[in-house]
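Novice: quick check, what structure comes out for this input:
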Amino acid sequence: MKVLLSFLICASAAHAQDAPPVPKMFQGMQGEKGQYRVEILEGAGRAGKAAPAMTVCTDNLMRSPAAKDGAKPRADGCKHRLVKDTADEAVMESTCPERHSTITMKRESDKSLLMTMSSTSKRGPTEMKMRYTHLGPCREGQGAVSFDKNSEQCRKMRERAAKMDPEKQCARQKSDREACEQRMRDLAAQMSAMCS
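Specialist: Numbering: from 1, shown residues only. Next comes the predicted model:
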């Protein structure tokens with residue numbers, strides 16, 4: 001998930017320093033901003049369970065703390081290069097000290113693309129295949145990443161949010177108890193936004 005979100009942030013932030021190059025195929029895609037349905041077609045599922053589809057609002061993704069960090073030069077030692085860069089297909093390689101990744105993107109239409117991500121690290125090889133479909137502008141109050149409100153993920157998040165009690169969870173805080181309680185309320189609001 002972290003690699004997927006990093007890719008989306010970088011694809012949305014063509015101006016960011018030290019970000020991976022943005023392929024030409026994004027320049028012609030309808031609505032570079034807005035919300036995208038992300039379907040994980042292969043990989044990333046837990047033992048026989050299909051990975052959930054999610055919706056990503058790139059407008060909000062750019063406002064997230066991860067995006068702000070991504071706009072700063074990073075000292076992670078990663079190097080990115082476009083191996084292929086046409087209007088309909090792009091292949092990007094990322095070489096980091098602990099990982100090598102290849103991302104292949106193929107345009108299906110003006111609204112959708114297929115992406116295959118292969119990665120090799122000390123944990124071994126992984127591969128994931130996803131489809132991104134542009135849905136239009138983001139909705140008011142939509143989170144950066146959201147799931148279907150009837151999904152198993154949202155059911156679990158609602159259960160977790162219902163059990164959150166900022167006063168109890170921050171009771172042992174001697175200093176900054178108020179800040180702790182605010183963080184807990186913010187977390188509950190973020191979880192709620194992911195299932196709206």
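
Novice: all the strands of the chain, residue numbers only.
Specialist: 35-42, 54-57, 79-85, 89-96, 99-107, 112-121, 124-136, 145-147 (DSSP state E).

Novice: in the fifth one, which residues are buried?
Specialist: What that stands for is strand 99-107. For strand 99-107, the neighbour count (16 or more other Cβ atoms under 10 Å) marks S101, T102, I103, T104, M105, R107 as buried. In short, each C-beta sits where N, CA and C put it, glycine included.

Novice: residues in a beta bridge with the last one, which ones?
Specialist: Each beta-bridge partner of R107 is listed here, defined by DSSP bridges: L113.

Novice: scan the protein for its longest helix.
Specialist: Looking across the chain with DSSP state H, the single longest helix is helix 177-193.

Novice: quick one: it to chain centroid distance?
Specialist: 21 Å (Cα atoms, centre = their mean, to the nearest Å).

Novice: backbone dihedrals for D148, both of them.
Specialist: phi -60, psi 130 (degrees, to the nearest 10).

Novice: okay, now it: neighbour count?
Specialist: 14 (other Cβ atoms under 10 Å).

Novice: didn't it look like it was pressed against A53?
Specialist: Yes - the pair D148 and A53 passes the contact test of Cβ atoms under 8 Å, sitting 6.9 Å apart.

Novice: from Q169, how far out is the residue lying closest to R160 once chain neighbours are set aside?
Specialist: Nearest residue to R160, sequence neighbours excluded (Cβ to Cβ, 6 or more residues apart in numbering): M191, at 6.9 Å. M191 sits 14 Å away from Q169, going by Cβ to Cβ, to the nearest Å.

Novice: centre of the chain to stretch 100-112, how far?
Specialist: How far stretch 100-112 lies from its chain's middle: 15 Å, per Cα atoms, centre = their mean.

Novice: stretch 85-94 too?
Specialist: 19 Å.

Novice: and stretch 185-196, by the same measure?
Specialist: Worked out by Cα atoms, centre = their mean, stretch 185-196 lies 16 Å from the chain centre.

Novice: cool, stretch 157-173 as well?
Specialist: Mean C-alpha position of stretch 157-173 versus that of the full chain (Cα atoms, centre = their mean) differs by 26 Å.

Novice: mind checking the end-to-end distance for that stretch?
Specialist: Start to finish, the residues bounding stretch 157-173 are 25 Å apart (Cα to Cα, to the nearest Å).

Novice: contacts for that stretch next, please.
Specialist: R177, C180, E181, Q182, M184, R185, L187, A188, M191, S192, M194, C195 (Cβ atoms under 8 Å, 6 or more residues apart in numbering).

Novice: kindly write the ChimeraX command that selects the buried subset of those residues.
Specialist: This is the ChimeraX syntax for the buried subset of the contacts of stretch 157-173, where burial follows 16+ other Cβ under 10 Å:
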select :180,181,184,188,191,194,195
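
Novice: list just the nearest of the contacts of stretch 157-173 to K79.
Specialist: Checking those against K79 with Cβ to Cβ, the nearest one is M194 at 32.9 Å.

Novice: for the closest one, give me its contacts.
Specialist: Per Cβ under 8 Å, 6+ apart, neighbours of M194: G143, V145, S146, F147, C154, M157.
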